[in-house]
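>>> Sharing a model that was predicted from the sequence below.
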Amino acid sequence: MTTDLDEFAARRNAILDAIANAARMAARSPADIALVGVSKKQPDERIDLALAAGQRVFGENRVQEAEARWTHRRAAYTDLELRLIGPLQTNKAEQAVALFDVIETLDRLKLARELRKAMDKLGRTPRLYVQVNTGEEDQKAGIAPGELGEFLQLVRTEYGFVIEGLMCIPPVEEPAGPHFAMLADLAAANDVKKLSMGMSADFETAVKFGATSVRVGSALFGERPSA
Ligand SMILES: *Cc1c(COP(=O)(O)O)cnc(C)c1O
């Protein structure tokens, strides 16, 4: 008899295999790519299946929702890594610093200032990624590619931040490859080591272009309930 856990583990293993294959095709080590399970909006049963299957790195796009989902689970799983992958309002900076191990959506100086304050106050230093708006879409968050160099220099000197990586969400209606390639080029040009890129539909492409973490939601957990 197949259990829900067997099914979840099989789906997760298939994704890990696909990541490993894409890595090998690109002459990369599979160990250099983290699978971030995007748990936003997913029901509790699926979160617990993911944990039982060994998943430890999770992405969330809302601070409050993440607090509700993870605060108590943190006590049970000391090796959890929680990543904020959605836009962060400045008035939630302190909550975000308190909860997350990685904040991937630094995208403006005002937020940098609030994060610095919160980090000093709480004595916690989450790893930071800068979100880049590779498609220069009006409705999307992120630093424009042409402004990234200056932004990085400012947050490094003004706030003493070590920027671990860059993150992008390509326009839905375009092939993702060129956006991933652009993010990789920007990282290399600006001495940034990590790349958060690729979702359910395109994580293998992202690995080919150098992703060090892929953010996979629906392909891992199943479709998000729409309510
Ligand atoms: C929801 C979300 C994902 C996961 O999307 P899927 O298509 O379900 O894999 C990845 N990244 C960000 C920023 C998201 O908001």
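Looks like it arrived, so ask away. Numbers count the residues shown, from 1 in each chain.
>>> what's the burial count for the closest residue to residue 28 other than its chain neighbours?
Using C-beta to C-beta, 6 or more residues apart in numbering and skipping the chain neighbours, the partner closest in space to residue 28 is residue 207 (7.2 Å). Using the backbone N, CA and C atoms, a C-beta is placed for each residue, glycine as well. Using other C-beta atoms under 10 Å, residue 207 has 28 neighbouring residues.
>>> Can you report how many residues neighbour the closest residue to residue 161 other than its chain neighbours?
Leaving out its chain neighbours, the residue that sits closest to residue 161 by C-beta to C-beta, 6+ apart is residue 155, at 4.7 Å. If you count neighbours by other C-beta under 10 Å, residue 155 ends up with 23.
>>> buried set for the host helix or strand of residue 155?
Using DSSP states H and E, residue 155 sits in helix 148-159. Across helix 148-159, burial judged by 16 or more other C-beta atoms under 10 Å covers 148, 151, 152, 155, 159.
>>> before we move on, back to that, residue 24 is in contact with the residue nearest to residue 28, correct?
No: in this structure, residue 207 is not within contact of residue 24 by C-beta atoms under 8 Å, at 9.7 Å.
>>> just to revisit the earlier point, which other helices and strands does the helix holding residue 155 contact?
helix 109-122, strand 127-131, strand 163-167 (3 or more C-beta pairs under 8 Å, 6 or more residues apart in numbering; DSSP states H and E).
>>> coming back round to it: ok, the buried residues of helix 148-159 vs the ligand, which is closest?
Taking C-beta to the nearest ligand atom as the measure, the ligand sits nearest to residue 148 out of these, at 18.1 Å.
>>> For that closest one, which residues are in contact?
130, 132, 166, 186, 190 (C-beta atoms under 8 Å, 6 or more residues apart in numbering).
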